[in-house]
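**Student:** with the input below, show me the fold.
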Amino acid sequence: MRKSFVWFDLGYTLVYQERESAYQTALKQFGLDKELNEIERAYHYADKLFMREYPGVLGGDAASFVPWYLGVVNYRLNIQLDLYRLASAIREQMKNNKTHWQAFPCTHSTLERLKEQSVGIGLISNWDNSARQVLEENGLTDYFDRIVISSETGYEKPDPRIFHHAMQLAGVSASECLYVGDNYYDDVVGARTVTMDCLLINRFGRFGIEEVSDAEIIFSVAEVPAQVETKKDSQSSGMLV
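**Tutor:** Residues are numbered from 1 along each chain as shown. The predicted model follows:
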């Protein structure tokens with residue numbers, strides 16, 4: 001069956017923070033300099049470590065994990081600094097951003113292409129009550145046919161109830177749906193519990209998710225429209241006419 005509805009995760013799937021550049025600028029206050037691509041890989045590594053080993057932590061109160069998280073980033077970069085002073089310096093840099101979260105450059109064009117393909121678009125996100133504000137600030141709200149947020153439903157991925165709730169709202173079956181996210185343990189595992197196909201975003205190939213061998217990996221959401229067409233064509237070619 002053709003994938004007629006695509007569901008997206010929000011953070012680091014459709015929107016991101018300029019945290020790496022803020023970290024780079026903060027380091028200079030301590031007389032240290034690192035290339036941005038090194039910092040990006042270190043952050044990516046920390047993201048995947050936390051997703052795998054400490055599920056749910058990244059979605060919690062920042063004060064409860066940021067120094068811990070930065071310790072991992074620093075370790076990857078062979079840096080030793082006072083984590084609380086570093087966190088404070090990064091917070092000051094982040095205040096200069098017009099919006100705390102911003103859409104990836106390819107997000108709008110991707111969603112527009114899916115609309116042109118007559119594909120339904122939905123959001124299933126583990127997020128607090130700021131999710132709708134993030135969508136509004138980035139001009140994303142109107143793209144979505146259905147928006148499902150954990151803080152509003154009481155269920156968090158990978159709980160199958162949040163996926164079932166979303167499909168019920170949209171009036172679609174799992175076989176019609178494709179889910180796109182960046183967290184294997186929330187997104188892929190969760191989608192599979194309801195037999196929904198899933199694409200896993202990992203911008204550095206297999207780096208950081210070496211333990212994962214059973215997920216279809218893409219580098220960004222920009223690949224999704226072509227994936228939808230490919231799945232449509234492969235399904236059509238198998239039909240009897």
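
**Student:** just list the residues touching the closest residue to G120 other than its chain neighbours, thanks.
**Tutor:** Spatial nearest neighbour of G120, excluding adjacent residues (C-beta to C-beta, 6 or more residues apart in numbering): F5 at 3.9 Å. (Each C-beta comes from the backbone N, C-alpha and C, glycine too.) Applying C-beta atoms under 8 Å, 6 or more residues apart in numbering, we find F5 in contact with 119-122, 145, 170, 172, 176-178.

**Student:** most neighbours among these, please name it.
**Tutor:** Most neighbours among the contacts of F5, by other C-beta atoms under 10 Å: C177, with 26 neighbours.

**Student:** quick check on that one: phi, psi?
**Tutor:** Dihedral angles of C177 (phi, psi; degrees, to the nearest 10) stand at phi -110, psi 150.

**Student:** point out where the protein drops to low pLDDT.
**Tutor:** 1, 97-99, 231-241 (pLDDT under 70).

**Student:** all helices of it, in order?
**Tutor:** Assigned by DSSP state H, the chain shows helices spanning 19-29, 36-53, 66-76, 83-94, 107-116, 131-137, 150-153, 160-170, 189-193, 224-237.

**Student:** show residues contacting the second one.
**Tutor:** Spelled out, it's helix 36-53. Under the criterion C-beta under 8 Å, 6+ apart, residues 12, 19-21, 23-24, 57-58, 65, 69, 72-73, 76-77, 182-186, 203-204, 207-209, 211 lie in contact with helix 36-53.

**Student:** just the buried residues out of these, in PyMOL syntax.
**Tutor:** To isolate in PyMOL the members of the contacts of helix 36-53 that are buried, counting by 16 or more other C-beta atoms under 10 Å, one can use:
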select buried, resi 12+19+20+23+24+58+69+72+73+76+77+182+183+184+185+186+208+209
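
**Student:** one step back: among the helices of the chain, which is nearest A215?
**Tutor:** A215 sits nearest to helix 189-193 of all the helices of the chain, at 9.5 Å, using C-beta to C-beta.
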